[in-house]
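**Q** Pasting the sequence and the predicted model now:
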Amino acid sequence: MAEMLAAGGWLMLPIAICSVLGLAIVIERVWALRAQRIAPPPLLEQREQLARSPALSNADRQSLEAHSPLGRVWAAVVATRAESTDIRRERIEEAGRQAGHDMARYLNTLGTIAAITPLLGLLGTVAGMIRIFATMTETGLGDAQALAGGIGQALVTTAAGLCVAIPALVAYRYFNGLVEKRGLLLEQWAVRLIEDQRDTPHS
């Protein structure tokens, strides 16, 4: 590994940093986007109680909003129970957008990693070719070791950039789809709580 980093030159450093950062984002998003984290079972068990609640104190609302993405949406559902339909829809949608934004956290960074690492690899290829031509200009074709160094830099940086970019792109697409799926789940649970409120008198 050390020999590969050395062969690729200084451009291997930002590619390596991108790989570490991308892996950290993937691990964090796998944990954060679990269904049990988005809609925790203990919170789902409180649905009937929340449906009976006429309002929430500021402390209870803040606690519920911080609990999970579903908690944020349900807090808006309960807090706007006495509001008009238009105001209620607007606030619930706003809570849903905020929850969606939280679920998509770091995904732009992951997409950027998928986009720039092939370019870093290409830049390494160009740098390697420049090194080859510089060597040919100075010593001709007789210095095989110097020529091999330039070719090695070109190939290693290109391969490294693609090895980082391909998994990052796959993960980026997967997580975007998962965020959309989790958003639909939140919408379904919000509708269920609203329906429960209609069928349940205030406590």
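**A** Thanks, I have it. Residues are numbered from 1 along each chain as shown.
**Q** State the distance from the residue nearest to the spatial centre of the chain to residue 180.
**A** Nearest to the mean C-alpha position of the chain, by Cα atoms, centre = their mean, lies residue 107 at 2.7 Å. In this view, residue 107 and residue 180 are 11 Å apart by Cβ to Cβ, to the nearest Å. In short, each C-beta sits where N, CA and C put it, glycine included.
**Q** Now do the shared contacts for those two.
**A** Shared contacts of residue 107 and residue 180 (Cβ atoms under 8 Å, 6 or more residues apart in numbering): none.
**Q** Please name every helix or strand in contact with the longest helix that the chain contains.
**A** Ranked by residue count and defined by DSSP state H, the top helix of the chain is helix 144-199. Helix 144-199 makes packing contacts with helix 2-8, helix 12-32, helix 35-38, helix 47-52, helix 69-79, helix 85-103, helix 107-139 when contacts are defined by 3 or more Cβ pairs under 8 Å, 6 or more residues apart in numbering; DSSP states H and E.
**Q** okay, those, which one's buried deepest?
**A** A comparison of these by mean neighbour count, using mean count of other Cβ atoms under 10 Å, puts helix 69-79 on top with a mean of 23.
**Q** quick one: that one to chain centroid distance?
**A** When C-alpha coordinates are averaged (Cα atoms, centre = their mean, to the nearest Å), helix 69-79 and its chain have centres 23 Å apart.
**Q** neighbouring contacts of that helix?
**A** Taking Cβ under 8 Å, 6+ apart as the rule, helix 69-79 contacts 38-40, 43-44, 50, 53, 55-56, 61, 64-65, 91-92, 94-96, 98-99, 102-103, 182, 186, 189-190, 193-194, 197.
**Q** run the last query once more with 6 Å
**A** Helix 69-79 has contacts (Cβ atoms under 6 Å, 6 or more residues apart in numbering) with 38-39, 43, 50, 53, 56, 61, 64-65, 91-92, 95-96, 99, 186, 189-190, 193-194.
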